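Participant: just need the structure, nothing else, for what follows:
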Amino acid sequence: MKLELQISTRTRLFLTGFIALLICAFAASAAGIYLGSARDVIYLLPGLMVMVPPSINMRGSISGVLASRLSSSMHLGAFEVEFSRDSVLGSNLRASFLSTVIIGFWLGLIVSGISVVFGIEGLSAIDYVVISVVSGIISGLIVMGITLLVVLVSYRFGLDLDMIAAPTVTTAGDIVTLPVLVITTLFFVTLAPFLLNVLFVAVLLVSVACVVYSVYLDEPVFEINREILPLLLILSFVGTLAGLTYTLDLEQLIEFAVFLIIIPPFTGLCGSIGGILCSRLATGMHMGEIDVKVYPERTVLEQFGGSYIYALFVFPLIGLIAQEASLIMGISSPGLFVLMSICTISGFVVITMVNLIAYATAGLSFRYGLDPDNFGIPVITSTIDLVGAGILVAVINILI
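Facilitator: Numbering: from 1, shown residues only. This is a model prediction of the structure:
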C-alpha cells in the first residue's frame, strides 16, 4: 500500500511538471515569435541581442529564487500569507525587488563594456544602463506579481510549488521581458540626450539607494541578498556572453530568422527543466530526504531520468511550433525535420549538463551551509544560457 502511494505521488508530481512544461512550450514560443518579428530592430541595434539573454535570465533567476525559497518554507511549515517586514513572504519580495534594480544597473554597465570591446555599435553606455534598469523594473514587477500569484494559488490548493514554479516563472520572464525590453529600447533611443542624461542620474540614485537599503536598513533582506546578490552579479556577466554568442552569429540567425523563434523557448525550457530539478533537490536536502554524496543516489537518478523524459517531448515540440510559425509569418526556415533535429539534439546535450550542474550546485551549497534555493536556479539558468547558446549555435552550423 505504501509503495503504491509513493508511485501515485511521483506520477502525479511528474504529470504536474509535464503539463506545466507543455503550456510553457507554447507560451515561450510566443516570445520567440515576437523576437523573430523584431529581427529588423535587432539587425539595426545588435547590442540589443547581447542584452536579451541576461535580461530574461535575471527575471527568471530572481523570481525563481523567490519561488524556490517560498516553496521550501511551505514544505517546512514556515510559510504564511503575511507581508510584514519580518515575514518570510514580505522580506523575500523586498529582496527580489531590490536585487532587480541593482542587477539591472550592473547589467547595463556589463553590456556596454562588451559592446565597446567587440565593436558592437548602435547604443551608448547611458542607453544600456537606463534601458536595463527601467525595463528590468517594469518586467520584474510583472514577473514577481505572476510568481506571487502562483505561490498563493499553490498554497491555497495544496499544489507542489517545486513542480510548477520554475516553468511558470521562466516562461513569464520570456513573455514579459522581451517586449518590454524592445519597446523600452525603441522609446529611449528617440529621447533627446538631455532627457536621457537626467534619467541616467535618476537611475543611478535609485540604484545607490537600493544598495544602501539592502545592506544597512533591512536585516532580513540583507540575510537573503548577501548570498544571492554576489552570485547574480557574476552570472549576469555569464548571461551577456550568451548574448554575445548569438550576436557574433547574427547574420546566420537573420538569414534563417526561424532560429530567433527557437531561442527563447529553447533556453526557457532548459531553464524550466533545470529549475524543477533544482527545486526538488533543494527541498529534498532541506527535508533530509536526499543525502549529499559524490555519486547521486537512486532518488536523484530518478529525477535525472524525469528530466530526459520531459526533454523527449518538449524539444521536438519547439521545432514543430517554430516551423508552423515561420510558415504563417513568411520567415525563412531550413525545414521541419532539420528544426526538430536541431532542437532535440541540442536539448539532450544541454539537459545532460543541467543534471550534473544542478546536483553539484545544490550539493556543494548545502554541504557548506549555504541555502541551495539561492544557488541552484540562478547557476543553472545562467550557465545554460551560455552553454545552451554555444551548443545551439554549434548544432545549427553543423546541420545547416
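Participant: tell me where the model's unsure across the stretch 101-250 of the chain.
Facilitator: The stretch 101-250 of the chain contains residues with pLDDT under 70 at 160, 162-163, 165-166.
Participant: that one: helices as residue ranges?
Facilitator: Taking DSSP state H, counting those that start in this stretch, the helices of the stretch 101-250 of the chain run over residues 125-157, 161-188, 193-212, 219-248, 250-255.
Participant: how far away from the center of its chain is the first one?
Facilitator: In other words, helix 125-157. Here helix 125-157 is found 12 Å from its chain centre; the criterion is CA atoms, centre = their mean, to the nearest Å.
Participant: between it and helix 193-212, how many degrees?
Facilitator: Per axes from the mean of the first three to the mean of the last three CA atoms, to 10 degrees, the angle that helix 125-157 makes with helix 193-212 is 50 degrees.
Participant: what about the stretch 251-400 of the chain, any weak spots by pLDDT?
Facilitator: For the stretch 251-400 of the chain, residues meeting the criterion pLDDT under 70 lie at 294, 368, 370-377.
Participant: before we move on, back to that, out of the helices of the stretch 101-250 of the chain, which comes closest to residue 102?
Facilitator: Checking the helices of the stretch 101-250 of the chain against residue 102 by CB to CB gives helix 193-212 as the closest, at 5.4 Å. In this view, the C-beta of every residue, glycine as well, is placed from N, C-alpha and C.
Participant: which is the next helix or strand following whatever helix or strand residue 22 lives in?
Facilitator: Using DSSP states H and E, residue 22 sits within helix 2-37. Remark: after helix 2-37, the chain's next helix or strand is helix 39-44, criterion DSSP H and E.
Participant: hang on, the earlier thing: output the helices of the stretch 101-250 of the chain as JSON lines; include the columns mean neighbour count and distance to residue 295.
Facilitator: JSON lines is the format used below for these (neighbours: other CB atoms under 10 Å; distance: least, CB to CB, whole Å):
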{"stretch": "helix 125-157", "mean neighbour count": "21", "distance to residue 295": "32"}
{"stretch": "helix 161-188", "mean neighbour count": "24", "distance to residue 295": "23"}
{"stretch": "helix 193-212", "mean neighbour count": "14", "distance to residue 295": "42"}
{"stretch": "helix 219-248", "mean neighbour count": "20", "distance to residue 295": "26"}
{"stretch": "helix 250-255", "mean neighbour count": "15", "distance to residue 295": "40"}
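Participant: follow-up on the earlier one: can you give me the buried ones in the helix holding residue 22?
Facilitator: For helix 2-37, the neighbour count (16 or more other CB atoms under 10 Å) marks 13-14, 16-18, 20-21, 24-25, 27-37 as buried.
Participant: with stretch 330-346 instead?
Facilitator: Neighbour counts over stretch 330-346 (16+ other CB under 10 Å) mark 331, 333-334, 336, 338-346 as buried.
Participant: so which of the residues you listed sit within strands?
Facilitator: Among the buried residues of stretch 330-346, DSSP state E puts none in strands.
Participant: taking the residues you listed together, which two end up most distant?
Facilitator: Longest span within those, CB to CB: 331 and 345, 21.7 Å.
Participant: quick one on the thing from earlier: so which of the helices of the stretch 101-250 of the chain gets nearest residue 389?
Facilitator: For residue 389, the closest of those is helix 219-248, at 4.1 Å, according to CB to CB.
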